[in-house]
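Trainee: With the sequence up front, the predicted model follows.
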Amino acid sequence: MASRPIVHLLITCGVLAATTSLSQNSRFSNQLFDNQLNRYDQQFSPKRGSSGSCPERNGRYPVQNQCDAYIECIDGIAEEKLCPEGLYFNPEARFNYPCGYPIDINCAGRPNLQPANPTNDCPHQYGYFKIGDHQHCGQFMNCVDGRGYVFDCPEGLAFNPETYRCDWPDQVPDCDAETFLGFRCPEVKSGPFLDVGIKFYRSPADCHHFYICVNGRPRLQNCGTGNAFNEIIDACDAAENVTGCEHEAIARTTPSYQQAKLF
């Protein structure tokens with residue numbers, strides 16, 4: 001398994017909603033991925049003129065019944081091409097690279113795919129895949145040209161293979177949120193005048209973590225260094241203001257600056 005490449009993961013994480021979008025506009029910026037696709041195109045020998053005439057002189061068009069193949073027409077000459085294994089043809093990508101991740105592409109009416117080409121690391125040459133079982137949900141693999149690169153979701157989040165996002169564990173199928181986070185929400189009495197939808201609990205492990213229990217399912221949050229969760233106000237507070245958490249307080253000093261000589 002290869003070491004991690006330089007990849008920027010865009011995270012949006014709030015108190016009640018946290019997702020890591022891997023959509024078309026905020027997909028991982030992965031130069032390695034682009035380089036490998038360019039090399040794939042250079043090596044691939046298409047079937048020239050194998051699918052009849054072109055609807056227009058220039059353009060890309062889907063192949064009947066196959067989601068990862070397409071016809072590229074240049075000056076009226078048709079060439080049938082295959083996407084890299086694991087990617088699908090996107091008929092909407094008129095000016096961009098025509099192949100993308102399955103989550104972004106509608107294959108209705110094009111059910112067939114080229115045979116899978118797995119490696120020791122990856123089930124497909126390209127794609128994002130969950131790692132671990134229902135108790136270990138926080139990692140995923142980015143496969144590029146059959147090489148697997150392992151990534152960790154942000155603390156407390158789990159990879160959702162249905163959305164290609166790092167999400168709250170209770171929102172991820174086949175993830176046991178309680179076991180994964182090591183916390184089970186206490187049972188709360190319900191009643192017509194009781195709001196039991198959302199509850200807050202300080203982590204038993206330390207002061208600066210806490211859990212939001214949403215409909216009885218835990219979600220982990222972090223107050224940050226020098227802060228602690230204050231159960232009196234149900235919010236993060238300076239550690240020195242929270243009984244039993246004074247040891248986590250840090251000195252807050254204003255740094256001194258000296259005038260620098262520029263010449």
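Mentor: In hand now; what should we look at?
Trainee: Tell me how many other residues crowd the residue nearest to residue 217 when sequence neighbours are not counted.
Mentor: Once flanking residues are discounted, residue 217 sits nearest to residue 170: 3.7 Å by CB to CB, 6 or more residues apart in numbering. Using the backbone N, CA and C atoms, a C-beta is placed for each residue, glycine as well. Residue 170 has 19 neighbouring residues, counting by other CB atoms under 10 Å.
Trainee: Surely residue 59 and residue 91 touch.
Mentor: No. Under the criterion of CB atoms under 8 Å, residue 59 is not in contact with residue 91, lying 9.7 Å apart.
Trainee: what's the lengthiest strand in the chain packed up against?
Mentor: The longest strand of the chain (DSSP state E) is strand 66-74. The contact analysis (3 or more CB pairs under 8 Å, 6 or more residues apart in numbering; DSSP states H and E) places strand 66-74 against strand 59-63, strand 77-82, strand 88-89.
Trainee: Of those strands, which is nearest residue 137?
Mentor: Nearest to residue 137, of all the helices and strands packed on strand 66-74, is strand 88-89, at 25.7 Å by CB to CB.
Trainee: Quick check: mean pLDDT of the closest one?
Mentor: For strand 88-89, mean pLDDT is 98.
Trainee: So which elements touch that strand?
Mentor: Contact here means 3+ CB pairs under 8 Å, 6+ apart; on that basis strand 88-89 packs against strand 59-63, strand 66-74, strand 99-100.
Trainee: Need the contact partners of the next helix or strand after the last one.
Mentor: Same thing as strand 99-100. Going down the chain from strand 99-100, the next helix or strand is strand 127-131, by DSSP states H and E. Contacting residues not belonging to strand 127-131 are listed as 22, 86-87, 101-102, 122-123, 137, 139-143, 150, 159, 161, 164 [CB atoms under 8 Å, 6 or more residues apart in numbering].
Trainee: do stretch 100-110 as well
Mentor: When contacts are defined by CB under 8 Å, 6+ apart, stretch 100-110 is touched by residues 22-24, 27, 62-67, 87-90, 93, 126-128, 163-164.
Trainee: buried subset of these?
Mentor: 22, 27, 62-63, 66-67, 87-90, 93, 126-128, 163-164 (16 or more other CB atoms under 10 Å).
Trainee: Could you tell me whether residue 178 really is in a strand?
Mentor: No. Residue 178 is assigned helix when assessed by DSSP: H, G, I helix; E, B strand; the rest coil, not a strand.
Trainee: list the contacts for it?
Mentor: 184-185, 217-218.
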